[in-house]
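Engineer: With the sequence up front, the predicted model follows.
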Amino acid sequence: STWPGDVTRIDKLPSNHLVHTYLLGRGFDPEIIGRFYNVHWCTKADRFICQDRMIIPIYHRKKMVGWQARAAYDCDWKKSYIPKYYTAPGTPVRHVLYNFGNAINYQTGVLCEGVTDVWRVGPMAMCTLGASMSLQKQSLLVQGFKEYSGVLLYDPDVAEKAEPKAQEKMEQMVLDLGTKLNSGFCRVHLPEGTDPGSLDRSFLRSY
């Protein structure tokens, strides 16, 4: 995969840049987000949806296989005609876990829903790029953490919104993964009305 246009790594941007203001406002360090996660800012692109947005690269086996463009502001996205995220066409979403290459250096892998959840939890976290866990992603998780353990840390409302069959499928997945990881796999239910990206890191880890 290639970048969508002209980009600059965000830690190389001026400290008063709007993306720095946004990240700091959410409690993220632009230096870490730029250097560790290689997140860039797009200044010019053929696709309008990518311009003036963060470009978050997605890697698999040390190669960039896609990216997501993310707005550097928040609003009521359900009422917005512009999506919060735009995923590059051709990104193998069903086959990858964001930040998997870093997370496998730890003994407990934490599965989240979105990339900002990963930034909040830390380098042992991965995200499924949506509230679904394909068989390919499950296989990848087992490859990386078979000798260790895993945690599913989705937003609390994921289960509430899911149809009964989808809930049963997720519960079965948690049970299956628990038998495949030597130190177990469990689902953590966060307090209602919260999500990983909005909580303090120290609280998340102790919880």
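Structural biologist: On my side now, so go ahead.
Engineer: Asp46 - how many residues pack around it?
Structural biologist: Applying other C-beta atoms under 10 Å, we find 8 residues neighbouring Asp46. Every residue, glycine included, has its C-beta placed from N, CA and C.
Engineer: Next one: it relative to Phe36, how far apart?
Structural biologist: 28 Å (C-beta to C-beta, to the nearest Å).
Engineer: I'd like the average pLDDT over the helix ranked longest in the chain.
Structural biologist: Identified as the longest helix of the chain according to DSSP state H is helix 164-180. Across helix 164-180, pLDDT averages out at 89.
Engineer: I'd like the next helix or strand past it.
Structural biologist: strand 185-187 (DSSP states H and E).
Engineer: Tell me the helix or strand right after that following strand.
Structural biologist: helix 201-206.
Engineer: which strands and helices sit next to that next one?
Structural biologist: With contacts taken as 3 or more C-beta pairs under 8 Å, 6 or more residues apart in numbering; DSSP states H and E, helix 201-206 sits against helix 115-121.
Engineer: And the pLDDT at the nearest residue to Gly122 once chain neighbours are set aside?
Structural biologist: Leaving aside its sequence neighbours, Gly122 sits nearest to Arg201 (C-beta to C-beta, 6 or more residues apart in numbering; 6.5 Å). We have a pLDDT of 90 for Arg201.
Engineer: Ok, Gly27 next?
Structural biologist: 93.
Engineer: Confirm it sits in a helix?
Structural biologist: No. Assigned with DSSP: H, G, I helix; E, B strand; the rest coil, Gly27 falls outside any helix and is coil.
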